[in-house]
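> coordinates for the following, if possible.
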Amino acid sequence: MGTDAVTYWERTLIPTIISHVHQAKLCKNLFMRDKRGRGVMYLIVAIADTKIDMKHLGKVFGMPSGILRFAPDEILEATLGVKAGSVTPFALLHDKEHKVELILDSNMQTATEDFCFHPLSNDQTVVISRDALLKFCETADHKPRWLNLA
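The predicted structure follows:
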């Protein structure tokens, strides 16, 4: 826990068991954009049980109410190189044109547990420390924007 180590798990163990064994937090990853397809796309990452207020978040991004939507599957695949259900911060390596802004929930900034993510495919789970995740984001040239998403 809290190390720079990364642990991989095959699908044989369900993520809730993995998170319990490693005292790691399951995370959710939302790939969003303006419903009209204009402007920046967002990869929003939060601890799985975080209730995200999408209307408030849209306002934070300067969008009128109801404009922030999930990006279509074809945009997800073209931009991040993953299919729906496999969205992960690791997919930012595919965003060479920097079309995606990374948003991390501020609760992750103070969490002492490691985090669980899919490694570009939802048939495996990776347990990674916050420091290692931030180091990865730096390597992928996507500095996170910390927001209170709840």
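
> helix or strand right after the biggest strand by length in the chain?
In the chain, assigned by DSSP state E, the strand with the most residues is strand 25-34. Using DSSP states H and E, the helix or strand that directly follows strand 25-34 along the chain is strand 41-47.

> between strand 25-34 and the top helix by length along the chain, find me the angle.
Longest helix of the chain, by residue count under DSSP state H: helix 130-139. Between the axes of helix 130-139 and strand 25-34, defined by axes from the mean of the first three to the mean of the last three CA atoms, to 10 degrees, the angle is 30 degrees.

> and after helix 130-139, which helix or strand comes next?
strand 145-147.

> before we move on, what SS does residue 126 have?
Here residue 126 is recorded as strand under DSSP: H, G, I helix; E, B strand; the rest coil.

> any weak-confidence spans in the chain?
Residues of the chain meeting the criterion pLDDT under 70: 1-22.

> isn't residue 125 up against residue 90?
No: between residue 125 and residue 90 there is no contact under CB atoms under 8 Å: 11.8 Å. Glycine gets a C-beta too; all of them are placed from N, C-alpha and C.

> now do the shared contacts for those two.
117, 118, 119 (CB atoms under 8 Å, 6 or more residues apart in numbering).

> so in terms of bridging, what pairs with the first one?
According to DSSP bridges, the residues that bridge with residue 117 are residue 126.

> begin at 13 from here
Sounds good: first residue 13 from here, last item residue 129.

> state the distance from it to residue 150.
16 Å (CB to CB, to the nearest Å).

> out of the two, which sits in the more crowded spot?
When residue 129 and residue 150 are compared on other CB atoms under 10 Å, the one with more neighbours turns out to be residue 129, at 26 against 11.

> and stretch 97-112, what's buried?
98, 99, 100, 101, 102, 103, 104, 106, 107, 112 (16 or more other CB atoms under 10 Å).

> what's near enough to touch the closest residue to residue 149 other than its chain neighbours?
With CB to CB, 6 or more residues apart in numbering as the criterion, residue 149 has its nearest non-adjacent residue at 5.6 Å, and that residue is residue 156. Residues in contact with residue 156 (CB under 8 Å, 6+ apart) are 114, 115, 116, 146, 149.
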